[in-house]
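[1] Coordinates for the following, if possible.
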Amino acid sequence: MNVIGTVGLPGSGKGEAANVAAEADIPVVVMGDVIRAECRRRGLDPAEHHGRMAGALREEEGDDAIAVRTLPLIREAAAESDRDDDTVLVDGLRSTVELERFRDAFGDDFTLVAIRAPFELRAERLDDRGRDDSDSDLEALRERDAREIDLGLGDTLDRADVEIDNIGSLSAFRTRVREVLGVAENERGDGSGDRDVDGDGEPATVDAGGDGS
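    Sure, this is the predicted structure:
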């Protein structure tokens with residue numbers, strides 16, 4: 001099994017990386033889906049309670065709760081994949097505790113990819129995306145960055161095995177992601193080509209994001 005995790009601040013391009021993987025028929029496991037599923041199980045609206053549910057799970061089950069709940073989803077995705085290399089992309093790591101859980105589970109078969117972009121560029125992408133009013137609020141983005149970093153995202157970025165600087169064109173970024181994933185330029189499913197994306201490349205078919213990204 002080849003497990004590739006991604007970590008990055010809001011607007012960095014994690015969603016577009018997931019999109020590239022999906023186009024190459026690489027299964028994508030989104031850690032935020034664990035939180036959304038638990039919201040629904042408890043009769044809560046994921047859009048409204050996502051962040052609080054993430055905190056509740058960590059308080060109730062430990063700081064690695066979301067990673068632990070994600071592990072069986074990764075193994076299931078690999079088992080159901082038609083790819084010979086059993087590659088799975090995991091979107092949305094937030095902390096070094098989650099990183100250690102995945103490294104304990106998969107050893108050298110786990111690779112963490114840090115996706116980076118400067119604040120101003122991320123803010124522009126999020127504004128273009130316009131998912132909600134906060135996407136155009138620079139102060140809200142700074143506060144969100146601070147919350148992510150307080151959770152340990154900064155340290156997790158620093159411990160990545162591979163880094164991608166998403167500061168150029170969308171095409172260049174997608175090419176670099178394909179290199180990291182080990183897929184050829186023409187290794188795509190029915191949705192080949194650069195799909196329309198929202199701001200940082202949040203794909204239409206992959207609901208990427210961890211604790212509310």
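[2] And the residue nearest the centre of the chain, its phi and psi?
    Centrality entry for the chain: nearest residue to the mean C-alpha point is Asp91, 2.7 Å, by CA atoms, centre = their mean. Phi and psi for Asp91, reported as degrees, to the nearest 10, are phi -100, psi 130.
[3] If it is in a bridge, with which residues?
    On the basis of DSSP bridges, Asp91 takes part in beta bridges with Thr6, Val30.
[4] how would you label Arg75: helix, strand or coil?
    When classified by DSSP: H, G, I helix; E, B strand; the rest coil, Arg75 comes out as helix.
[5] can you pull the contacts of the closest residue to it other than its chain neighbours?
    Distances taken as CB to CB, 6 or more residues apart in numbering place Met1 nearest to Arg75, at 7.7 Å, with adjacent residues excluded. Using the backbone N, CA and C atoms, a C-beta is placed for each residue, glycine as well. Met1 makes contacts with Arg75, Ala78, Asp86, Thr87, Val88, Phe106, Asp109, as judged by CB atoms under 8 Å, 6 or more residues apart in numbering.
[6] where do the helices sit along the protein?
    Ranges of helices within the chain are 14-23, 31-41, 46-61, 65-80, 96-106, 119-129, 138-150, 153-158, 170-181, based on DSSP state H.
[7] Dump those helices into JSON lines; add mean neighbour count as well.
    What follows is those, written out as JSON lines (neighbours: other CB atoms under 10 Å):
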{"stretch": "helix 14-23", "mean neighbour count": "26"}
{"stretch": "helix 31-41", "mean neighbour count": "19"}
{"stretch": "helix 46-61", "mean neighbour count": "15"}
{"stretch": "helix 65-80", "mean neighbour count": "18"}
{"stretch": "helix 96-106", "mean neighbour count": "19"}
{"stretch": "helix 119-129", "mean neighbour count": "18"}
{"stretch": "helix 138-150", "mean neighbour count": "14"}
{"stretch": "helix 153-158", "mean neighbour count": "18"}
{"stretch": "helix 170-181", "mean neighbour count": "18"}
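[8] And those helices: which comes nearest Ile164?
    Of all the helices of the chain, helix 170-181 sits nearest to Ile164, with 5.3 Å by CB to CB.
[9] orientation of the closest one relative to helix 14-23 in degrees?
    60 degrees (axes from the mean of the first three to the mean of the last three CA atoms, to 10 degrees).
[10] Restrict helix 170-181 to CA atoms and write it as CSV.
    Only the C-alpha atoms of helix 170-181 are listed here, as CSV (Å, rounded to 0.1, in the frame of the first residue of the first chain):
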residue,chain,number,x,y,z
LEU,A,170,-2.7,25.7,-12.1
SER,A,171,-1.2,23.6,-14.9
ALA,A,172,2.3,23.6,-13.3
PHE,A,173,0.8,22.7,-9.9
ARG,A,174,-1.1,19.8,-11.4
THR,A,175,2.0,18.5,-13.1
ARG,A,176,3.9,18.6,-9.9
VAL,A,177,1.2,16.8,-8.0
ARG,A,178,1.2,14.1,-10.7
GLU,A,179,4.9,13.7,-10.3
VAL,A,180,4.5,13.2,-6.5
LEU,A,181,1.6,10.8,-7.0
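[11] Who are the packing partners of it?
    helix 14-23, strand 162-165 (3 or more CB pairs under 8 Å, 6 or more residues apart in numbering; DSSP states H and E).
[12] Alright, calling it a day.
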